[in-house]
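Student: Got a predicted structure plus its sequence, pasted below:
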Amino acid sequence: MSTTENIIQEETEIFIKNTQKYSSYFNHAIGATNLLATSIQSVHSDRFIFTLFLSHLRKHHFLALLSTTRQHHVQATMNLRQVLEAMVCASYAIAHPVKKTEIIKTEPTNKYLKKAYNWIKTAYPTGSQVIKKQKDIINNSTAHVNPAFAHQTFKYDPENRVFQTPFFDFENEYLIKSDFWFIANMVIGITDLFYKINKDYDGMKFQSNFIAQLKELETENNNIKKEMIKHPRFKASLKKDLKGNIVN
């Protein structure tokens with residue numbers, strides 16, 4: 001059983017190792033994170049609810065990056081699930097400004113989220129479908145406990161007759177690369193949707209070079225996707241049976 005001190009030390013070692021070993025994927029994800037952090041120059045004061053959800057979104061997106069780098073796949077995807085829901089709420093807030101004289105009433109989270117989902121499904125169906133697809137990927141795999149991903153921190157050593165239950169996932173090249181790609185890909189969808197909604201509602205100002213940076217990120221993301229398609233694990237995942245079993 002590892003001590004807290006050992007876990008902290010191992011986390012640092014794993015983090016440094018993976019930033020070097022998967023440097024092109026890591027740097028791609030970092031570039032996407034930076035775009036998410038800097039693409040918006042200013043937000044109108046009546047869109048402060050948007051800023052609230054944007055802050056939440058950025059935090060969990062960066063936490064997903066950290067989790068991936070330190071080999072915590074489930075934690076990474078659960079953070080990305082928060083990102084997707086914050087994305088829906090932030091999108092809704094762009095189109096629904098709050099007047100200075102308006103009193104903000106607290107309402108149940110599920111009520112606000114449902115209202116935002118219904119709005120985006122009608123107003124921006126393409127963006128809504130992308131969000132649903134990405135959320136379904138998470139909901140059908142890591143959102144709930146299952147043996148497949150529990151095995152990321154479990155292994156039986158028959159020679160020594162002991163169970164290995166490390167704090168960090170066993171290194172899985174395919175999952176690490178896929179998560180870095182997914183993290184960057186999500187930024188493309190987020191910023192592109194915000195930009196489109198803003199063109200209709202004019203609630204913020206984007207950086208002058210945003211479109212050029214977005215296109216550059218998208219090109220990099222597509223190139224990495226081409227690499228991932230060649231991976232044996234990707235081909236194996238296409239053979240997932242009709243029952244929805246996860247191929248690890």
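Tutor: That came through, no problem.
Student: CA atoms for contacts and neighbours, from now on please.
Tutor: Fine.
Student: Sticking with the nearest residue to residue 225 once chain neighbours are set aside, tell me its helix or strand.
Tutor: Leaving aside its sequence neighbours, residue 225 sits nearest to residue 181 (CA to CA, 6 or more residues apart in numbering; 7.5 Å). Here residue 181 is covered by helix 173-201, with elements defined by DSSP states H and E.
Student: Next secondary structure after that helix?
Tutor: Taking DSSP H and E, what comes next after helix 173-201 is strand 204-206.
Student: ok now stretch 149-163, how far from the chain's centre?
Tutor: 29 Å (CA atoms, centre = their mean, to the nearest Å).
Student: How about stretch 147-159?
Tutor: 26 Å.
Student: That stretch: which residues count as buried?
Tutor: By neighbour count with 16 or more other CA atoms under 10 Å, stretch 147-159 contains the buried residues 149, 152, 154.
Student: Which members of these are positioned in helices?
Tutor: Mapping those onto helices (DSSP state H) picks out residue 149.
Student: Now tabulate the buried residues of stretch 147-159 in TSV and tack on pLDDT.
Tutor: As requested, the buried residues of stretch 147-159 are exported to TSV (pLDDT from 0 to 100):
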residue	pLDDT
149	81
152	86
154	87
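Student: would you list the buried residues of stretch 147-159 in a markdown table and tack on distance to residue 86?
Tutor: Below are the buried residues of stretch 147-159 laid out as a markdown table (distance: CA to CA, whole Å):
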| residue | distance to residue 86 |
| --- | --- |
| 149 | 25 |
| 152 | 28 |
| 154 | 32 |
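Student: contacting residues for residue 90?
Tutor: Contacts of residue 90 were listed using CA atoms under 8 Å, 6 or more residues apart in numbering, and they are 49-54.
Student: ok, of the residues you listed, which come out buried?
Tutor: Buried among the contacts of residue 90 by 16+ other CA under 10 Å: 49-51, 53-54.
Student: elements contacting the helix holding residue 181?
Tutor: On a contact count with 3 or more CA pairs under 8 Å, 6 or more residues apart in numbering; DSSP states H and E, helix 173-201 meets helix 23-38, helix 48-69, helix 73-95, helix 125-139, helix 210-229.
Student: any idea which residue sits dead centre in the protein?
Tutor: residue 80 (3.3 Å; CA atoms, centre = their mean).
Student: Do I have it right that residue 155 meets residue 163?
Tutor: Yes - judged on CA atoms under 8 Å, residue 155 makes contact with residue 163 at a distance of 5.8 Å.
Student: ok, residue 91 - how many residues close by?
Tutor: Using other CA atoms under 10 Å, residue 91 is surrounded by 26 other residues.
Student: Contact partners for it?
Tutor: 50, 116, 120, 193-194, 197.
Student: Distance-wise, check it relative to residue 142.
Tutor: Distance from residue 91 to residue 142, counting by CA to CA, to the nearest Å: 25 Å.
Student: Next: residue 62.
Tutor: 18 Å.
Student: again, but for residue 54
Tutor: Distance from residue 54 to residue 142, by CA to CA: 24 Å.
Student: same deal with residue 113?
Tutor: In terms of CA to CA, residue 113 sits 21 Å off from residue 142.
Student: Residue 22 too?
Tutor: Taken as CA to CA, the span from residue 22 to residue 142 is 23 Å.
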